[in-house]
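Trainee: I would like the atomic coordinates for the input below:
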Amino acid sequence: MCRIGAIKSLNYVHPSMALQLMQSQQKGHDNSGFAMVMQDLGGIFEPYKTLPTLSMACTAEGIKMAEDILHEIGFYRVMQWSPEVNDKPGLDINAMPHYVFETFNYPRSYKKSTQKEKEELLLDTRLRLRKALEKDQEGFVYSFWPDLLTLKEIGDPRDIGTYFNLWQANTTFTAKVITAQCRQNTNYDIVRYAAHPFHLQGYTALANGENTFYLKNKEFQQQLHRGYIGFESDSQCFLYTLHYVHRELGWPLSYYKHVVTPLPFDEIDARQERKQLLAIRQSLAHLEINGPNTIIGMLPDNTLFTCCDAKKLRPVVVGYDDETVVISSEVCGINEVLPDRNWENDIYPNEREIVVINDELEVQRWKQ
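Mentor: Numbers count the residues shown, from 1 in each chain. Next up is the predicted model:
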C-alpha cells in the first residue's frame, strides 16, 4: 500500500520534514522508494522563480545529451546544483550516477513570447529530452518547470534520505510546498517514472490506492494531449485528468471531483446545475475513476487539495496550525511534524468533498 503526504507552509521548509512525515507511516508502505516534488522554492533557487529548473537523474552521457539539446533549442544555463551524496556502504538505494538540477533562461527568440507559449516550449523540451535519454537508458527527466524540482529514487526512504543528506535541515534546499510518497510502483514494472508524485505543466498529483478504470482512462487520455504519455502507473491518470479539466478545458477545480467521481443520476437530477453535471458525465465518462484511492493535487498557483474515491476506501487526514498545513495518509504522520496543533481541528475528508488550501493557508471544504 502507498503512503502519501503534503506540506504547505507560510515559511520555507526542508525536505527532512517530509521524510519525518513519511517515516512514521513506515508500516503502511514497503520501503521500495521515495519521491517528492518541491514547489515555491527557497534557498539557492529562490532568486530564479520565473526561470525553469530541469530535474533529472542520468549518466554522464545523459548530461551531455540533455545539454546539447537545450543548447540547440536556445536555453542557456544560469545556475546548476548537484546534491552532495553520502555513498556509504550498506545503503539500500539504486542510485543513478548523477542527479542534476539546472536552472535555465529562455531562448532569446522567446523574449516577447506569451506565458502560454513559454509553457508549451517547456513541455515540448521535456518530452524531447525524455525521448532522447530513454533510447539507451541514459537517464530520467522528471520536470522542467519554473519554481519546481523533482527527486525520485528506488530504495529504502531512510537510506535515500541519508544518501542525499536530507535528514539534516538547512536553508539551502527548501520550499513552501512539498508533496511526497514512500513506495515505488509495484503493480507494474519498477521504474523511476512510475513513482509518485507526477508533474505536468505546473500540476502535481499523487495517490494512495488503485484506479481500476486505468485502461479506460489511458485509452481516452492518449488521444487528448501530447503530454499524456508513459502511463507507468495507474495513478498518472489522476494527474492527466486534473491537467485536462483545469488547464485544457479551463474549468474550476470543483469540477474535477465531478469528473473523477460523478454523482449518481438521482442526485444529479436534484441539483440546480443538473444540465452541466449531466453533460460532464456524458462527455467525460472515460475519465471517471474507480477503486480505493485518495488523491493529493497541486495547481500551478500552489493551491493544494485532496479528495477521496466515491466510497472513501482509503484514509486521509488534514492537520494544521497557524503557519503550516499537512495532508497525510495517517494521522501519526501529522502528529510527528505538527505535535502542538489543535488536534480537534483535524479534518477527515469524506467521499463527496474536496479540501482545498490556498496560499494564505485558508482551509476550505467544498461539497460536491
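Trainee: any low-confidence regions in this structure?
Mentor: 1, 26-31, 183-190 (pLDDT under 70).
Trainee: Direction included, what does the single longest strand found in it pair up with?
Mentor: In the chain, taking DSSP state E as the definition, the longest strand is strand 3-13. Next to strand 3-13 in the sheet, as set by DSSP bridges, lie strand 175-182 (antiparallel), strand 324-328 (antiparallel).
Trainee: Can you say which of the ones you listed is nearest to residue 300?
Mentor: strand 175-182 (11.5 Å; C-beta to C-beta). Heads up, the C-betas are built off the backbone N, CA and C, glycines and all.
Trainee: Now do the closest one: distance to the chain's middle.
Mentor: Centroid separation for strand 175-182 versus its chain: 8 Å, with C-alpha atoms, centre = their mean, to the nearest Å.
Trainee: Next secondary structure after it?
Mentor: Downstream of strand 175-182, the first helix or strand assigned by DSSP states H and E is strand 198-200.
Trainee: and that following strand, how far out from the chain's middle?
Mentor: Centroid separation for strand 198-200 versus its chain: 5 Å, with C-alpha atoms, centre = their mean.
Trainee: same deal with stretch 332-345?
Mentor: Computed by C-alpha atoms, centre = their mean, the chain-centroid distance of stretch 332-345 equals 23 Å.
Trainee: Could you tell me which helix of the protein is the longest one?
Mentor: Looking across the chain with DSSP state H, the single longest helix is helix 115-134.
Trainee: Against which helices or strands is the helix or strand just after it packed?
Mentor: Sequence-wise, the next helix or strand downstream of helix 115-134 (DSSP H and E) is strand 139-146. Here strand 139-146 touches strand 52-58, helix 60-73, helix 115-134, strand 148-154, strand 198-200, going by 3 or more C-beta pairs under 8 Å, 6 or more residues apart in numbering; DSSP states H and E.
Trainee: Out of these, flag the one nearest residue 312.
Mentor: Using C-beta to C-beta, the helices and strands packed on strand 139-146 put strand 198-200 closest to residue 312, at 22.6 Å.
Trainee: Remind me what that closest one packs against, helices and strands.
Mentor: By 3+ C-beta pairs under 8 Å, 6+ apart, strand 198-200 packs against strand 139-146, strand 203-209, helix 236-243.
Trainee: Any idea which of those gets closest to residue 122?
Mentor: Short answer: strand 139-146, nearest of the helices and strands packed on strand 198-200 by C-beta to C-beta, at 5.2 Å.
Trainee: what sits up against the longest helix of the chain?
Mentor: With C-beta atoms under 8 Å, 6 or more residues apart in numbering as the test, helix 115-134 has contacts from 52, 54, 56, 58, 62, 65-66, 69-70, 73, 75, 106-107, 110, 113, 138-141, 143-145, 200-202, 226-227, 229.
Trainee: redo that, cut-off 7 Å
Mentor: Identification of contacts with helix 115-134 by C-beta atoms under 7 Å, 6 or more residues apart in numbering yields 52, 58, 62, 65-66, 69, 73, 106, 110, 139, 141, 144-145, 201, 227.
Trainee: Please apply the same query to stretch 322-342.
Mentor: 3-11, 17, 20-22, 24-25, 28, 208, 294, 296, 306, 315-321, 346, 357, 361, 363.
Trainee: Could you pull out the buried residues of it?
Mentor: Applying a neighbour-count criterion of 16 or more other C-beta atoms under 10 Å, one finds 324-338, 341 buried in stretch 322-342.
Trainee: so how far is that stretch from its chain's centroid?
Mentor: 19 Å.
Trainee: For the remainder of this discussion, apply numbering that starts at 57.
Mentor: In the new numbering, first residue 57, that becomes stretch 378-398.
Trainee: Any idea how far apart the tips of it sit?
Mentor: 10 Å (C-alpha to C-alpha, to the nearest Å).
Trainee: and what of stretch 391-411?
Mentor: First-to-last residue span, stretch 391-411, C-alpha to C-alpha: 19 Å.
Trainee: got the residue ranges for the helices in the stretch 257-406 of the chain?
Mentor: 270-277, 292-299, 310-316, 321-325, 330-339, 387-393 (DSSP state H, counting those that start in this stretch).
Trainee: Just want the angle from the first one to helix 292-299.
Mentor: When you say that, I think you mean helix 270-277. Between helix 270-277 and helix 292-299, the angle comes out at 40 degrees (axes from the mean of the first three to the mean of the last three C-alpha atoms, to 10 degrees).
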